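Engineer: Sequence first, then the predicted structure:
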Amino acid sequence: MKTIYFVRHAKSSWNESVNDKERGLNERGYSDAKLIAEAFQKESLKLDKIFCSTAKRAEITCSIISYALGFDNRDIKYDDDLYSFDGRDILEYIKKISNDLDTIMLFGHNPAFTGLVNAFGDQIVQNIPTCGVIGITFNINSWLDFAQGKTILKLVPKDFK
């Protein structure tokens, strides 16, 4: 059994005159990330590894949530390959994950994440909002066998406001 928690980065700031990858979070983004971090704490998750896009907005979101979960920062892998908006890229990334890891969290971007959770989860999600989370379990032993799964968790900031 394998499980993935897809976490879309929190609301980014458009006030900064930087390239897309360097945009940080706006005030709402920080607030939403803290709300989701608190919600995750109540879930009592056991994660084997966290993987995060190298976009600044994803890294900050990851930092807030992983800290709340007590996750050791050394066990987070920041990877340029997760800075993608194409679900096919993310799917190929997932298939290369070590089979020693059963429960992972991915921090990344739309439309890639919404496309993947709709293709492989059993619940349709119109759009994963910023800082939204979708958890899916898969009845597989190898990430190479990635196939249809069961949606087990949906967290969106507006549900905690």
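Structural biologist: Received the coordinates, thanks.

Engineer: Excluding chain neighbours, what is closest to T114?
Structural biologist: Using Cβ to Cβ, 6 or more residues apart in numbering and skipping the chain neighbours, the partner closest in space to T114 is I128 (4.8 Å). For every residue, glycine as well, the C-beta is placed using N, CA and C.

Engineer: isn't that neighbour right up against F6?
Structural biologist: Yes - between I128 and F6 there is a contact under Cβ atoms under 8 Å: 7.0 Å.

Engineer: any residues in contact with both of these two?
Structural biologist: Common neighbours of I128 and F6, using Cβ atoms under 8 Å, 6 or more residues apart in numbering, are F113, V117, I134.

Engineer: Take these and keep only those in helices.
Structural biologist: Using DSSP state H, the members of those that fall in helices are F113, V117.

Engineer: What are the boundaries of the strands in this protein?
Structural biologist: Using DSSP state E, the strands assigned to the chain run over residues 2-8, 49-53, 76-79, 103-108, 133-138, 150-155.

Engineer: Need the contact partners of the fourth one.
Structural biologist: When contacts are defined by Cβ under 8 Å, 6+ apart, strand 103-108 is touched by residues 2-9, 45-53, 58-59, 61-62, 65-66, 82-84, 90, 94, 97, 113.

Engineer: Report the buried members of the residues you listed.
Structural biologist: 2-9, 47, 49-53, 58-59, 61-62, 65-66, 82-84, 90, 94, 97, 113 (16 or more other Cβ atoms under 10 Å).

Engineer: Show me where this protein dips below the pLDDT cut-off.
Structural biologist: By pLDDT under 70, the weakly predicted segments of the chain are 16.

Engineer: let's see 90
Structural biologist: 13-20, 40-46, 70-75, 160-161 (pLDDT under 90).

Engineer: in it, which spans are helices?
Structural biologist: Under DSSP H, the chain gives helices at 27-43, 56-68, 87-95, 112-120.
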